[in-house]
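K.L.:
After the sequence you'll find the predicted model.
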Amino acid sequence: MPTITPTLTTFPGRSPGDGVCLFFFDSRNEFFPGGVGGSLGYAPYTGDMAFSASTSATVNPMQGAYLGIGFDVKGDFGTTLDSKPGYNILGTENSVITGCAYNTKAPNTITTRSGELSSYKIISTTPNLNTYPLSGAPLEDYSTSGTVDPYTMSPPVSLHQSVTSRSDVEFTSVKVTLQNNGRRIRVEMKPPGHDQYYPYQIIDTDSGLGARTLPNDGISELRAGIAFTTSDSVMNCELKNISMYGAYSPVEKQVAGIQPPSTAKYRIVLSADGGCS
């Protein structure tokens, strides 16, 4: 995700961003992106719709979403800014969602958000990818190899580069794997100059694909896509050699055209006392 720096033009006070989101959603839904800016086309958004704009608007999140993995250059995808849900989400009978406000941006990280059934809440945010390898990282229990620390060998990596031309870009290979029927998510990367993939995020979800009930029955078919946003920042997203592997299943869509959600299905209330970790 490099920024090609112009020779005669500068952009004072405008940091690179926002980032790229790999998402999975119900294959019966037509694709329509979520919020702009730090929502990375996945999560909900309420705020200005353009740089220096004075008019605020609300954009609903991606319909039928299962999972959103944000490669967050600017660090906003893992916050509750612009009405994004946070970590602690509680639903009630009147569909009100409550959560602790978290406004500290975490640049150069990976944040994974849940889908529609879990109110798009944050599942996990990595440390700054430049701080790898990690010492004292959380231990992962593998049934075949015992308890291991998966992050002690992962080298530092930056999601953003400043270059003067596209030929100077050094691409970082990324591999995302849904394991155990969607219950485990592995995010691995092969930084420039390395010849193998290293883990940077390994997390488990509350339930796998079989527990999805959108709209009324369990499904196991997902579509995958990529969104990127730049908001008021300046960044070019350079992508190449995208491959997706999985069992192909033709699924009939529920609607015949691309259209945004007509109304929001919930509202978000952020508590003022904090208390999130």
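P.N.:
Cool, got the structure. Residues are numbered from 1 along each chain as shown.
K.L.:
Buried residues in stretch 163-177, which are they?
P.N.:
169, 172, 174, 176 (16 or more other CB atoms under 10 Å). Glycine gets a C-beta too; all of them are placed from N, C-alpha and C.
K.L.:
where's the second one relative to Tyr66, distance?
P.N.:
Right, the one you point to is Thr172. Separation of Thr172 from Tyr66 (CB to CB, to the nearest Å): 25 Å.
K.L.:
same check, this time on Val73
P.N.:
24 Å.
K.L.:
again, but for Pro156
P.N.:
30 Å.
K.L.:
Likewise for Thr55?
P.N.:
In terms of CB to CB, Thr55 sits 32 Å off from Tyr66.
K.L.:
These two: which is more packed in?
P.N.:
Neighbour tally, Thr55 and Tyr66, criterion other CB atoms under 10 Å: the higher count belongs to Tyr66, 26 against 7.
K.L.:
Could you verify that the more buried one is part of a strand?
P.N.:
Yes: counting by DSSP: H, G, I helix; E, B strand; the rest coil, Tyr66 is found in a strand.
K.L.:
shouldn't it be in contact with Phe25?
P.N.:
Yes: counting by CB atoms under 8 Å, Tyr66 touches Phe25, with 5.9 Å between them.
K.L.:
Residues that sit against both of those two, list them.
P.N.:
Residues touching both Tyr66 and Phe25 (CB atoms under 8 Å, 6 or more residues apart in numbering): 115, 222.
K.L.:
Low-confidence bits of this structure, can you list those?
P.N.:
1-14, 51-54, 88-99, 136-148, 207-220, 248-251, 254-277 (pLDDT under 70).
K.L.:
Note down every partner strand of the strand or helix carrying Thr112 and its orientation.
P.N.:
Thr112 is located in strand 109-114, with elements delineated by DSSP states H and E. Sheet pairing of strand 109-114 (DSSP bridges) gives strand 65-72 (antiparallel), strand 122-125 (antiparallel).
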